[in-house]
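K.L.:
Provide a 3D model corresponding to the input given below.
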Amino acid sequence: MAFAEKRRTWKDSSSVALVMKTATVSTDGNTHEVIIPSCCYFWSELKPVKKAHLDGHRPMNPCPVYEKTSQTLFLFFICVEGNISERWQIKHDCNKARLCYITTTDDGHSWSGVTDLTNPLVKEQCWATFAVGPGHGLQTEAGRLIVPLYAYDSPKTKPKADPTPHARSLYSDDNGKTWQLGEMLQHESLECEMAEFFDEKQESSIYCNARTTGGKREEAVSRNNGKDFSELSPRKLPETGKGCQGSVVSFPAQGKDTESQNKWLLFSHPESKSKRINLGVYLNKSPGNPKTWSKLGIINKGPSGYSDLVYIDDGWFACLMECRKRRET
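P.N.:
Got it, this is the predicted structure:
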């Protein structure tokens, strides 16, 4: 399944609904059900996700995460009051967003009603506004569900200072029955995605890759399943202009390392330092070491924006991307 916002215009504040498509991917004669299809020939018709709705609010930022034990897909999203923009909320230090999810156990043919986690989970925070994803969450090998989130924290020590964004996790250890917030990243960071990898001792770590406005991507690692993160340095991955969302996914190490539990990371993001053009793909064979990123190539030449990666199997990947022919997205 793939999800997106239906909008009246290009503006974020014009979102009116969430929509979805389903697909299958065929690799060497084997058909796989996937979160994001790799070929447009396999797309279904566009369908509205009608349950992703709160009266008086617009849904935004779809972020799915799959729970393997119950075979349940959680579709997280935010619902923002009316057409109030993120910028307005930051300027007035007044949150108008709600944290919601719906679930499906039959590949999106039917959905549960909305679960609103805003009270008390978000209400207790000093946030000007926040959002999940967009992109995807993950379930760790140990079973924890993790949803990437960022929030504009209102400064407690400098009341007149502007709220600043920080990435963090939302996680569940009981198959999605209850949810908790992780600690925010230390440095300014926005839209993020996370992936699990294992070190030489076969211990799990959660890698976070986040959008910034400082010319370099923010990278951080958690040794406690996403509860808190330590920033990695030096930062190598370039950021684009004022920032752009990017996607990261882990996958089994290839070649001679295929028998180990080690994993590599794949990252997609516009390669330009100034414009959202030329969607690049980057590989890291030593997760946790920001110096070891290497560029593999360009997925899409020309205007390119947001993207989302998924690992299918046997070295196959899929990428859903935002692109245009003549101008930036």
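
K.L.:
and His280, how far is that from Lys325?
P.N.:
Quick fix: residue 280 reads Gly, not His. Going from Gly280 to Lys325 by Cβ to Cβ, to the nearest Å gives 19 Å. In short, each C-beta sits where N, CA and C put it, glycine included.

K.L.:
tell me which of those two has more neighbours.
P.N.:
Gly280 (22 against 6; other Cβ atoms under 10 Å).

K.L.:
partner strands of the helix or strand containing the more buried one and their direction?
P.N.:
Counting by DSSP states H and E, the element that carries Gly280 is strand 277-284. Sheet partners assigned to strand 277-284 using DSSP bridges are listed as strand 263-270 (antiparallel), strand 293-313 (antiparallel).

K.L.:
contact partners of that strand?
P.N.:
For strand 277-284, contacts defined as Cβ atoms under 8 Å, 6 or more residues apart in numbering pick out 237, 264-272, 292-304, 307, 319, 321, 323, 328.

K.L.:
next, count neighbours for Cys319.
P.N.:
18.

K.L.:
hang on, I meant Asn83
P.N.:
14.

K.L.:
what sits against the residue lying closest to Val122 once chain neighbours are set aside?
P.N.:
Nearest non-adjacent residue to Val122, counting by Cβ to Cβ, 6 or more residues apart in numbering: Leu99, 5.3 Å away. Contacts for Leu99 (Cβ under 8 Å, 6+ apart) come out as 76, 78, 116-118, 121-122, 130, 132, 170.

K.L.:
pull out the buried residues from the contacts of strand 277-284.
P.N.:
237, 264-272, 293, 299-300, 303-304, 307, 319, 321, 323, 328 (16 or more other Cβ atoms under 10 Å).

K.L.:
which residue packs closest to Gly215, ignoring adjacent ones?
P.N.:
Glu239 (5.4 Å).

K.L.:
how close does Arg168 get to Ser233?
P.N.:
19 Å.

K.L.:
neighbour count winner among these two?
P.N.:
Arg168 (25 against 12).

K.L.:
so for the host helix or strand of that one, what's the average pLDDT?
P.N.:
Per DSSP H and E: Arg168 is located in strand 164-172. Mean per-residue pLDDT for strand 164-172: 96.

K.L.:
and for stretch 202-210?
P.N.:
Mean predicted lDDT for stretch 202-210 stands at 94.

K.L.:
list the buried ones in that stretch?
P.N.:
204-210.

K.L.:
and the two most separated of those?
P.N.:
Distances among these were taken as Cβ to Cβ; the most separated pair is Ser204 and Ala210, at 19.8 Å.

K.L.:
please name the nearest non-neighbouring residue to Lys227.
P.N.:
Gly182 (4.9 Å).

K.L.:
so Gly315 versus Gln254, what's the distance?
P.N.:
6 Å.

K.L.:
ditto for Leu190
P.N.:
Separation of Leu190 from Gln254 (Cβ to Cβ): 31 Å.

K.L.:
out of these two, which sits in the busier spot?
P.N.:
Using other Cβ under 10 Å, the more surrounded residue of Leu190 and Gln254 is Leu190, with 19 against 11.

K.L.:
now for the residue lying closest to that one once chain neighbours are set aside: which residues touch it?
P.N.:
Closest residue in space to Leu190, ignoring its immediate chain neighbours: Arg211 at 4.1 Å, by Cβ to Cβ, 6+ apart. If you count contacts by Cβ under 8 Å, 6+ apart, Arg211 has them with 189-192, 217-218, 239, 243-246.

K.L.:
out of those, which end up buried?
P.N.:
Applying 16+ other Cβ under 10 Å to the contacts of Arg211 flags 189-192, 217-218, 239, 243-246 as buried.

K.L.:
those in strands, which ones?
P.N.:
Among the buried ones among the contacts of Arg211, the members found in strands (DSSP state E) are 192, 218.

K.L.:
okay if I get the buried ones among the contacts of Arg211 as a markdown table plus distance to Thr164 and pLDDT?
P.N.:
Below are the buried ones among the contacts of Arg211 laid out as a markdown table (distance: Cβ to Cβ, whole Å; pLDDT from 0 to 100):
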| residue | distance to Thr164 | pLDDT |
| --- | --- | --- |
| Ser189 | 9 | 96 |
| Leu190 | 10 | 97 |
| Glu191 | 14 | 97 |
| Cys192 | 15 | 97 |
| Arg217 | 17 | 95 |
| Glu218 | 13 | 96 |
| Glu239 | 16 | 94 |
| Gly243 | 13 | 94 |
| Cys244 | 19 | 95 |
| Gln245 | 18 | 96 |
| Gly246 | 20 | 96 |
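
K.L.:
any chance of the buried ones among the contacts of Arg211 in TSV with distance to Pro64 as columns?
P.N.:
TSV is the format used below for these (distance: Cβ to Cβ, whole Å):
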residue	distance to Pro64
Ser189	22
Leu190	20
Glu191	15
Cys192	15
Arg217	23
Glu218	23
Glu239	25
Gly243	23
Cys244	21
Gln245	15
Gly246	17
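
K.L.:
Leu46: which of the buried ones among the contacts of Arg211 is nearest?
P.N.:
Among those, and counting by Cβ to Cβ, the member closest to Leu46 is Gln245, at 21.6 Å.
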